[in-house]
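*Asks:* Here you go, sequence then predicted model.
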Amino acid sequence: MSQPTPEVYEQGKGMDAHNQVMRDIRSRKEKSYDPHQPTRVWLDEDNTPDGVKRSLTIILNTGGCRWARAGGCTMCGYVAESVDGGSVPHEALMDQIDVCLEHEAANADEPAPLIKIYTSGSFLDEREVGADSRRAIAETFGDRERIVLESLPDFVDREKLTDFTQYGLQTDVAVGLETATDRVRRDCVNKYFEFEDFEAACADAAAVDGAGVKAYLLMKPPFLTESEAIEDMVESVERCLAVEGCHTVSMNPCNVQRYTMVDELYFNGGYRPPWLWSVADVLERTADVDGIVVSDPVGHGTDRGAHNCGECDDLVQKAIKDFDLRQDPTVFEQVDCECKATWKVVLEHETGYNQPLTR
Amino acid sequence: MTEYFEVHERDGAARLGELRLETPRTTPALVGDLLEDSGSRWSADREMPTGDESALTVLPHRGFPGGTAEPVRESFAVDYPDVAFPSVAVVSSAGPANHGTDAYVVSDVQSVVGHGAALVEAVVRLREAIPSDTALIFSGVATPRNVALLAYAGVDAFDATRATVKGTQGKYLTTESEHFLEDLEELPCSCPACQGPREAFTRADCAEHNRNALAAELAVVRQRVRDGRIRDYIEGQARHDQWLTAAMRELDSQWSYLEERTPILREGDLDAATEDTLRRVEIQRFADRVTSRYRNRFDAPLVLVPCSARKPYSESQSHTQFHRAIQWRGHLVSMTSPIGVVPQELETTYPAQHYDTVVTGRWSADEKDFVARILERYLERNEYPYVVAHVPDEGYRDVVERVEAELDLDVTYTVDRDAHPTDDDSLGALSEALSGEPAYQKREREHNTVRALADYLLGDGAGDELFDSFQTTSRYPRLQVRESDETQLATMVPQYGTLSFTLEGARRWVESDAPTKRVQIDGFVPQGSVLAPGVVDADADIRVGDEVIVEGPRAFGIARAEMFGREMVESTRGVACEIRHVEEL
């Protein structure tokens, strides 16, 4: 496992700088949260290796990401949605699960076959979610078909996964890999693990019957141009799905969250979220790769989210959502707009010394 | 070392330069086709390019866009190696540094264009950090409307990327606006892209038009710089966008940046057509020199008169009539907006002889304040037995009355309300006001003119230090300054009101206590011009157009500065000064 103070001097220097700046930015946030309430909960539909399933998505409030307390990722503002004091006791976590179940009961006719639990950290990190809580949550959802658990790769081990698979639950670890390119993950995202750590986590998951890995990629971290971002994603999708145990990639455009380095750049005119055309382009170009590739552009069509010209955003977003469910790239042939010409000029001419070329 | 860029002419912060590539290019210009990007190190490790003289190679870089925090900029900074081909370093305007390359391109350019103060702060910081003889490149921001201001501020090169982007967005760019293509009933241009019928005009055509318009505007800019008239253009053109006007004004408050780069004389005229003219360096510098360097040496009373359109004033009809009435019994000082006050000895100096203003007779409050402030400072420094104001009502009289009250003077007014200074009655009153005063002699007039010019050009007290005893020959305004019949010291240059020294004059200057401007050179005897690499050191207060002493182990000479002092020291290319006279030691 690579650490924030590695042997390579240059690497440590950059990471120290990122962490210093991110700590400073985050310290400006004052809000704190009730540990008995989940951060968010909602019902949706998702594409899984077994087809499209109704889903219950839970953002569990676990006290937040440990890495973010050191500074953390340049685009991630979720850390701010953590509780005071930094850790949430078992009872409070179970209260949050109850709130989610009530939400589901109130808004859906039947229980969702797919459960997705995110923590803005690592669900499998026992400093965040203790073994007791993990086992209790596994039991709570043991009657469902599939569960997705967010975690950094270093906390993935067979025993923890077996807590879930023992109920016959298909268990996917959602790993925020962000990119397969170590350099970009380290210098642009400020994430401290490497692709080989992801490969190791996939191997651990693959060794457990009924477990797998869903890789989360970040399109266009700060400092990359639009075309660099696209190439980084195409290569990352291909490399992820080539790893045994990784069956799905969720490729998500970076959005501008408050209290992040990306927000500082955006505020000063130094960052533009990716074009929706770029998202569509990556999905189209990787459509024939073996595995599921989906994307959920958060805040699409807004200045802070992936966007095109304002005219075609909803249409392109709709095509992306359609692709998520059907994996059929011909849907992108049906959307066009005059702004595609602008996007092409951006791909051709945007550089490290003139970006962002458009707003 | 700058091998591949040379500055040929300067007009304030704007420069006419040359990219010395396989096919040379005169800047300010579009250079997008010449930039070879070796790539960003954010996304991948990059090999050092081989490069060649056909292109400007942007060395592998990590660009820091606007808003990148300082610790991140510092820890991720890349080293730029010395290379033997034309090279460009990527720098952030937030923390630029000299990397020894021929040119610099700016990573946070999108964050500084569009805001007057931010732009000026960025350009000044960049220009002060990188050597004078290197090119400053802005990529992705130039439009037909903003490029003149950017060049005026000191940016040398651009690309057409933004013009293309705007075209694809259906934005039709001109030097005065950004139009929605769909709103244009006719195309206000006749470039090749705009030749076809309006209905057939596409966004691709629009992009082509935008690039044409940008290229044409840059040609205008280059010609303006050649003519020394970029500022006059900017004062008008910048009105087409508020932030451009803001940037022009912000730059005016960067006095040391702009003053250092502004020549002390120009061949071209100076248009005084806007209120902003009052703040230009040439105007402020003249006011400063008249009130802190110049000293009146006549015993005669002061006669304040209005300026004339014809320059120098003494050649105008009105001033000819004033002279006839005054008969050298008073010291003539012309009042004028936007110059302030012009003592008769300085009427040929730059820009007193070179400005042309808009004559309506209406003075703005700013103009009155400006002239009143200068007149007041002038009168605090110079004593007169009494003051005669031979001025009309419009503005002039208000100014004089204000200063009269402020300094508790008793001014004699010789033009009646609603009368004109050239009316017979007025001229009669003027003559009457000076009755009994003796006329001063031509010799005194000419001597005082030479000394006043020395004050104005070289510094406070220089006229007395340098020209204690001398004689003048030839006719004003082409006076020759001599020590004796055989030895000439200097010649007055009537076009600019300057003094050109001879070697003897230069020697006298060096030996005097007058402030000198010196360029130290290596051990050679310069012929024609001194090139920048030969300059060992130069005084920081040297400005383009100044007379400078050239000294080295093997030579002593007098020259005219073609660069400002710091530029002579920093530059590795280009002409530092043109030798007038030199002797081998």
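*Replies:* Received, thanks. Numbering: from 1, shown residues only, chains lettered A, B, ... in the order given.
*Asks:* what's the burial count for the residue lying closest to residue B:428 once chain neighbours are set aside?
*Replies:* Nearest residue to residue B:428, sequence neighbours excluded (CB to CB, 6 or more residues apart in numbering or on different chains): residue B:325, at 7.7 Å. In this view, the C-beta of every residue, glycine as well, is placed from N, C-alpha and C. By other CB atoms under 10 Å in any protein chain shown, the residues close to residue B:325 number 22.
*Asks:* Packing partners of the helix or strand hosting residue B:325?
*Replies:* Here residue B:325, judged by DSSP states H and E, is contained in helix B:317-326. Contacts defined by 3 or more CB pairs under 8 Å, 6 or more residues apart in numbering or on different chains; DSSP states H and E place helix B:317-326 against strand B:302-306, strand B:331-336, helix B:424-433.
*Asks:* ranking these by burial, who's on top?
*Replies:* Compared across these, strand B:302-306 shows the largest average neighbour count, a mean of 26 (mean count of other CB atoms under 10 Å in any protein chain shown).
*Asks:* Kindly export that one (C-alpha atoms) in PDB.
*Replies:* Output in PDB follows, covering the C-alpha atoms of strand B:302-306 (Å, rounded to 0.1, in the frame of the first residue of the first chain):
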ATOM      1  CA  LEU B 302       4.500  86.100 -16.200                       C
ATOM      2  CA  VAL B 303       2.000  86.300 -19.100                       C
ATOM      3  CA  LEU B 304      -0.500  83.500 -19.300                       C
ATOM      4  CA  VAL B 305      -1.900  82.900 -22.700                       C
ATOM      5  CA  PRO B 306      -4.200  80.300 -24.300                       C
END
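*Asks:* could you check the angle helix B:424-433 makes with it?
*Replies:* 160 degrees (axes from the mean of the first three to the mean of the last three CA atoms, to 10 degrees).
*Asks:* Any chance you could list what contacts strand B:302-306?
*Replies:* The contact list for strand B:302-306 (CB atoms under 8 Å, 6 or more residues apart in numbering or on different chains) reads B:296, B:318-319, B:322, B:326, B:330-336, B:341, B:375, B:382, B:384, B:386-392, B:396, B:400, B:421, B:430, B:434.
*Asks:* Low-confidence bits of the chain, can you list those?
*Replies:* No chain was given, so I picked chain A. Residue ranges of chain A with pLDDT under 70: A:1-11, A:30-32, A:79-86.
*Asks:* I was after chain B.
*Replies:* For chain B, the stretches flagged by pLDDT under 70 are B:1.
*Asks:* what sits against residue B:114?
*Replies:* Counted by CB under 8 Å, 6+ apart, residue B:114 has contacts residue B:243.
*Asks:* where does it sit relative to residue B:48, distance-wise?
*Replies:* The gap separating residue B:114 from residue B:48 is 35 Å, by CB to CB, to the nearest Å.
*Asks:* Kindly report the same for residue B:108.
*Replies:* 25 Å.
*Asks:* of the two, who's got more company?
*Replies:* residue B:108 (28 against 11).
*Asks:* Tell me if I'm right that the more buried one and residue B:65 touch.
*Replies:* Yes: when contacts are counted by CB atoms under 8 Å, residue B:108 is listed as touching residue B:65 (5.5 Å).
*Asks:* what sits in contact with each of those two?
*Replies:* Both residue B:108 and residue B:65 are contacted by A:268, A:269, A:270, under the criterion CB under 8 Å, 6+ apart.
*Asks:* Highest neighbour count among these?
*Replies:* residue A:270 leads those on contacts (other CB under 10 Å) with 24 neighbours.
*Asks:* A helix includes that residue, no?
*Replies:* No: assessed with DSSP: H, G, I helix; E, B strand; the rest coil, residue A:270 is coil; it does not lie in a helix.
*Asks:* Can you get me a residue count around the closest residue to it other than its chain neighbours?
*Replies:* Spatial nearest neighbour of residue A:270, chain neighbours left out: residue B:65 (3.0 Å); criterion: CB to CB, 6+ apart. Close neighbours of residue B:65, defined as other CB under 10 Å, add up to 25.
*Asks:* Any idea which of the helices and strands packed on helix B:317-326 gets closest to residue B:104?
*Replies:* Closest of those to residue B:104 is strand B:331-336, at 41.8 Å (criterion: CB to CB).
*Asks:* So which elements touch the next helix or strand after the closest one?
*Replies:* Heading C-terminal from strand B:331-336, the first helix or strand you meet, by DSSP H and E, is strand B:340-343. Strand B:340-343 is packed against helix B:281-292, strand B:331-336, helix B:365-381, with contacts defined by 3+ CB pairs under 8 Å, 6+ apart.
*Asks:* For the last one, which residues meet the burial criterion?
*Replies:* Pointing back at helix B:365-381 there. By 16 or more other CB atoms under 10 Å in any protein chain shown, the buried positions in helix B:365-381 come out as B:367, B:368, B:370, B:371, B:372, B:373, B:374, B:375, B:376, B:377, B:378, B:379.
*Asks:* OK, now which residue of the stretch 101-250 of chain B is nearest to chain A?
*Replies:* The minimum distance from the stretch 101-250 of chain B to chain A, using CB to the nearest CB, falls at residue B:140 (2.9 Å).
*Asks:* Tell me if I am right that that residue is in a helix.
*Replies:* No: Residue B:140 is assigned coil when assessed by three-state DSSP, not a helix.
*Asks:* so who does it touch?
*Replies:* Counting by CB under 8 Å, 6+ apart, residue B:140 touches A:349, A:350, A:351, A:353, A:354, A:355, A:357, B:109, B:110, B:159, B:161, B:162.
*Asks:* The closest residue to it other than its chain neighbours and residue A:237: what is the separation?
*Replies:* Distances taken as CB to CB, 6+ apart put residue A:354 closest to residue B:140, at 2.9 Å, once the chain neighbours are dropped. Distance of residue A:354 to residue A:237, computed by CB to CB: 27 Å.
*Asks:* quick one: which of these two has more around it?
*Replies:* Neighbour count, other CB under 10 Å: between residue A:354 and residue A:237, residue A:354 has more, with 26 against 23.
*Asks:* what's that one sitting at in phi/psi?
*Replies:* phi -150, psi 10 (degrees, to the nearest 10).
*Asks:* just checking, what packs against the longest helix along chain B?
*Replies:* Across chain B, the longest stretch assigned as helix under DSSP state H is helix B:203-227. With contacts defined as 3+ CB pairs under 8 Å, 6+ apart, helix B:203-227 has these neighbours: strand B:5-11, strand B:14-19, strand B:29-30, helix B:147-153, helix B:161-168, strand B:171-173, helix B:230-237.
*Asks:* Tell me which of the ones you listed is the most buried.
*Replies:* Buried most deeply of the helices and strands packed on helix B:203-227, by mean count of other CB under 10 Å, is helix B:147-153, with a mean of 28.
*Asks:* Would you mind giving the contacts of residue B:140 as CSV with secondary structure added?
*Replies:* Converted to CSV, the contacts of residue B:140 look like this (three-state DSSP):
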residue, secondary structure
A:349, helix
A:350, coil
A:351, coil
A:353, coil
A:354, coil
A:355, coil
A:357, coil
B:109, helix
B:110, helix
B:159, coil
B:161, helix
B:162, helix
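*Asks:* will you turn the residues you listed into TSV that also has distance to residue A:291?
*Replies:* What follows is these, written out as TSV (distance: CB to CB, whole Å):
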residue	distance to residue A:291
A:349	33
A:350	30
A:351	33
A:353	36
A:354	36
A:355	31
A:357	33
B:109	40
B:110	37
B:159	41
B:161	37
B:162	40
